[in-house]
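> For reference, the sequence and a predicted model appear below.
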Amino acid sequence: MISMTGMTRERAHELLLAMLRIRRFEEKCVELYSAGRIRGFLHLYIGQEAVAVGVMRALRAEDAIVATYREHGHALARGMRMEALLAEMYGKREGCCRGRGGSMHVFDARTRFYGGNAIVAGGLPLAVGLALASKLKRNSDVTACFFGEGAVAEGEFHESLNLAALWRLPVLFLCENNLYAMGTALARSESQLDLVRKAASYDIPAAKVDGMDVLAVETAAHAAVEAIRAGGGPRFLELATYRFRAHSMFDAELYRDKAEVEQWKKRGPIVTFVAALRAAGLLDDADLARLEAAVERELAAAVEFAEAATFEDVADLTRDVYTREAAAR
Amino acid sequence: MTTYRDAVREALRDALAGDERVFLLGEDVGRYGGCYAVSKGLLQTFGEERVRDTPLSESAFVGAAIGAALGGLKPVVEVMTVNFSLLCLDQIVNTAATLRHMSGGQFSVPVVIRMATGAGRQLAAQHSHSLENWYAHVPGLRVVAPATLDDARWMLAAALADPDPVLIFEHVQLYNVEGQLDPAITAVDLDRAAVRRTGTHVSLITYGGSLSKALAAAEQLAGDGIDAEVVDLRSLRPLDAGTVLESVRKTRRVVVVDEGWRSGSLAAEIVARIAESAFYDLDAPPARVCSAEVPIPYAKHLEEAALPQVPAIVAAARRAVGG
Amino acid sequence: MADFLMPSLGADMESGTLTEWHVEPGDVVKRGDVVASIETSKGIIDIEIFADGIIETLLAGPGTEVPVGRPLARYRPTGTPEPAPGVPPSPHAPPTLPSVPPPQTPSATRPATARRLASPAARKRAAELGLDLDKVEARAGGAVTLADVEQAAAARPAAGPTDMRGTIGQAMSRSKREIPHYYLGTTIDMRSASRWLEQHNTAHPVTERLIYGVLLIKAVARAVTRFPELNGWWREGRFDAAHAVNVGTAIRLRDGGLIAPALLAADRRPLAELMHAYQELVQRARTGGLRATELASATITISSIGEGGVDTLYPIIHPPQVAIVGFGALVTRPWCSGESLVAARVINATLAADHRVSDGHRGSAFLVAVADHLQRPEDL
């Protein structure tokens, strides 16, 4: 059972609302994708909400975030407007990236959200660079870098951890270990399964966290961020989590047992948090209904927005390739 | 009297001194002084924060340069040679080139990436590539090739002022070239090709390390009464098609000299544009002088035979003119 | 009543095969419930319903393949109304790509002193035919194409005498201007040839009679096979030796015009066949029925002054050819046979050739070869 020491009603509801927003949004995306409103690839965060929500609460507005193609939850938790996110997935001009990026390439300058990256481990060097900028500018901004456990196989993972440690850069490496890289279980691709040891081999202080417990995530993230801000160099957290749905929409999940999925669902971030709040008297049926209704309203408005949004004129096809359009010859 | 190498160093020194956001990073740029001695002395002047030696991690440090650029700094990252850039192709092509577009215009990536390129020193296949055309292929990147001392001196400043990723290719055979900087030049653009020698009988279009060969060929041709015009492309992406076409419309005959392999070369792109836009102005088929279809060999005579050389350029020009 | 549709699970999914229903008519379902399993290219995937309701009818049975977007079942929605999934997509035309800027058409910016716009193929053909591009009409507007040139060439015989005179004049001017001619002459003993011809014509019906002109054509054609530098075209600054020997024969037209269509593969055709071909060519030349290939493919030309003309003809090369053989009239002249003086049938042959391609030494050997062939007419 999650510890509720020091938890207030207000904070509890904030956390739950944040996770519900992600959950219901992702569920809606399933429906919209099945109906053909969203196209391309769709990678859902259902089951992992506690990680994004917990970590974002430990960050400041000035901090930078780099994520992966499974980034809707991170974008929402960071404060991107839901309607801009959905319109982007519809490919509309009113989307956060004018429909140019889609589900896998979500960016938001206002919240220092640097994507969205379809290359596994592709964002790690970028995060190292953002942290380098902070260090050279002598501010205390932290760069939070989310990636899956599949990324630890890529060269870019090792190069980035080494460089961050060598130059003592303010990066928080957040490894969301959901046990499967697409269809490959971790044990089938890594000789060393203890991921924190990989970080330790680069002299980066690392810890394992229960990614299903939003409070545990928040606490661990907070501690790591503070250490980084104090000039302690990079930190690494391995967050044990699980995705309840397939890798993407078109995946028959031949690589894992349904029984395993059901087991993890019982330990899901929302269901366990709700149970803990109820037990602590911080949440009742009316509260839950109120929160769900709020999410539903926001979601309905986002869908309406995305449906009504417009498509970019094809004549503008080659805009935003270069900053000065004259160079786009 | 100065050298191309010195000119690049001066450009870096200027940049580091003039803007505290500028910093240099790459393998052996600091304590070693640079693989080609370009950055010699800069570490001593500007310190370890501004002149950073990196581990052998092209992907990480080029990606880091991109991230730093996003974060408001002006990094000049050196990839030792274009051969090693294959290890950071992902960051350059999938991140630097795409970020502006994928984000719908929210971000620009003002990163400058310098790379040594080309062959001629018997370093064999893995150290002799000319892959400028790979990068010139990608929308979102700007690619330049300084072939003269003045361009080596001043293109860097223009690249730093550009809000988008700029790749600067320095041919290895140019570093030792001696010459005088033109005191009248204090800035250059990155957009326009330059006519290095005017002529009327045939246009020789080239860039980078091949410029001197084209000029030498033009001298030889002059002795035979063939007046060749030599155009230095300077910018490989975007190509200054206007200057090239103007030259071809005047001379009606063209030879493109390119150290890349012939198949799928930058020369092929230029010839295609000439065929598209100056077809009716041609009196002879456009010709190309490129590297032979072979990984660059080690033995000197074989390497020489593989690369574009003056006699081949002269012969191609003669054929074009019909002599 | 609402339809539960086969969902799209990926852009490359076109249909799915129903393997198993997990609900029956009458079942209450909630949003998110798995109602069926479908088989796809990736394997069996569970699909869910996105509304609360009661299943009414199952429309597809196990094993049925159903395209994406088609109904699988009908259900009656209940409970709180679902947030409207929005207006059904209004069909809009697929975005058309922006038009690529068209490649330069000839009407694009031209320098002030424009030369005639013509495709390289047209230029080449016009040069071969000795046609002035400025006189060729570009039928489609814009640049002159190969087809334009071919048509202009085919139309040439129909041109009136003044036009022809002009055309000849231009070709000859060009020839003299551009081709460095050298000249060689020889007198050929035609006694054997004349005797043989007489015998032949006596022994054959009128329809198979030969004229000595055909002997000349064959002799020249055979001889030139050993002198490729006299048989071909000067184009674009260099000489292209021809593979075949197509002898152009200058034919005078009734209205005073001159034309030199080719007898194709003259070196290899028997005399009788050459004779027929030549007669037919003359006929068609005079009635305007020559083909463009006949006008364009001569690799060397013969010009004969014919009966009653002067002894020697100094011809002008027809560009883009590089040689022409001129024959004067067949006459009787004093001739040395051994040590004695006789009256013999002789003919003067003159070679005009392009000094860029051949020289007098070779030209001389060629003429000697022609003379040799004419000494053995039975071998022609």
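Yep, that arrived.

> least trustworthy helix or strand in chain B by mean pLDDT?
Lowest mean confidence among the helices and strands of chain B (mean pLDDT, DSSP states H and E): helix B:300-306, at a mean of 91.

> residue ranges for the helices of chain B, please.
For chain B, helices defined by DSSP state H occupy the ranges B:4-18, B:42-46, B:58-70, B:89, B:99-102, B:132-136, B:149-161, B:211-223, B:241-251, B:266-278, B:300-306, B:310-321.

> Just give the nearest non-adjacent residue to residue 48, would you?
I went with chain A, as the question did not name one. A:T241 (4.7 Å; C-beta to C-beta, 6 or more residues apart in numbering or on different chains). (Each C-beta comes from the backbone N, C-alpha and C, glycine too.)

> Hmm, no, I was thinking of chain B.
B:E48 sits nearest to B:G30 (C-beta to C-beta, 6+ apart), 6.8 Å away.

> and that neighbour, what does it touch?
Counting by C-beta atoms under 8 Å, 6 or more residues apart in numbering or on different chains, B:G30 touches B:39, B:42-43, B:48, B:51-53.

> swap in C:I305?
If you count contacts by C-beta under 8 Å, 6+ apart, C:I305 has them with C:313, C:326-329.

> hmm, try it at 10 Å
C:I305 makes contacts with C:250, C:311-313, C:315, C:326-330, C:347-348, as judged by C-beta atoms under 10 Å, 6 or more residues apart in numbering or on different chains.

> Now the two most distant members of the residues you listed.
C:A250 and C:D311 (17.7 Å; C-beta to C-beta).

> who has more neighbours, those two?
C:A250 (20 against 13; other C-beta atoms under 10 Å in any protein chain shown).

> ok, back up a step: and the contacts of B:G30 as CSV, adding pLDDT and neighbour count?
Shown next, in CSV, are the contacts of B:G30 (pLDDT from 0 to 100; neighbours: other C-beta atoms under 10 Å in any protein chain shown):
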residue, pLDDT, neighbour count
B:S39, 94, 26
B:L42, 96, 20
B:L43, 96, 20
B:E48, 94, 11
B:V51, 97, 24
B:R52, 95, 23
B:D53, 93, 17
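
> Mind picking the two most distant members of those residues?
Of all the pairs that the contacts of B:G30 form, the one spanning the most space (C-beta to C-beta) is B:S39 and B:E48, at 12.7 Å.

> Just give me the neighbour total for the closest residue to B:D281 other than its chain neighbours.
Nearest non-adjacent residue to B:D281, counting by C-beta to C-beta, 6+ apart: B:R249, 4.6 Å away. Look at B:R249: counted by other C-beta under 10 Å, it has 18 neighbours.

> what's the answer for C:G363, then?
21.

> so it is in which element?
Assigned by DSSP states H and E, C:G363 belongs to helix C:360-375.

> Strands of the stretch 51-200 of chain C, start to end?
C:53-58, C:65-67, C:71-77, C:181-189 (DSSP state E, counting those that start in this stretch).

> now for these, which one comes closest to A:H105?
Taking those one by one with C-beta to C-beta, strand C:65-67 is closest: 30.1 Å.

> Can you spell out which helices and strands pack onto the closest one?
Helices and strands touching strand C:65-67, by 3 or more C-beta pairs under 10 Å, 6 or more residues apart in numbering or on different chains; DSSP states H and E, are strand C:15-21, strand C:34-40.

> of all these, which lies closest to chain B?
Closest of the helices and strands packed on strand C:65-67 to chain B is strand C:34-40, at 29.4 Å (criterion: C-beta to the nearest C-beta).

> Strands of the stretch 51-200 of chain A, start to end?
So, for the stretch 51-200 of chain A - with DSSP E, counting those that start in this stretch - the strands run A:64-66, A:143-148, A:171-177, A:180-181, A:184-185.

> likewise the stretch 101-250 of chain B?
Going by DSSP E, counting those that start in this stretch, the stretch 101-250 of chain B shows strands at B:112-117, B:142-144, B:166-171, B:178-179, B:194-197, B:202-206, B:228-232, B:235-237.

> TSV for those, including distance to A:C175 and mean pLDDT?
Below are the strands of the stretch 101-250 of chain B laid out as TSV (distance: least, C-beta to C-beta, whole Å; pLDDT from 0 to 100):
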stretch	distance to A:C175	mean pLDDT
strand B:112-117	29	97
strand B:142-144	36	98
strand B:166-171	33	98
strand B:178-179	53	96
strand B:194-197	51	98
strand B:202-206	50	98
strand B:228-232	50	98
strand B:235-237	37	98
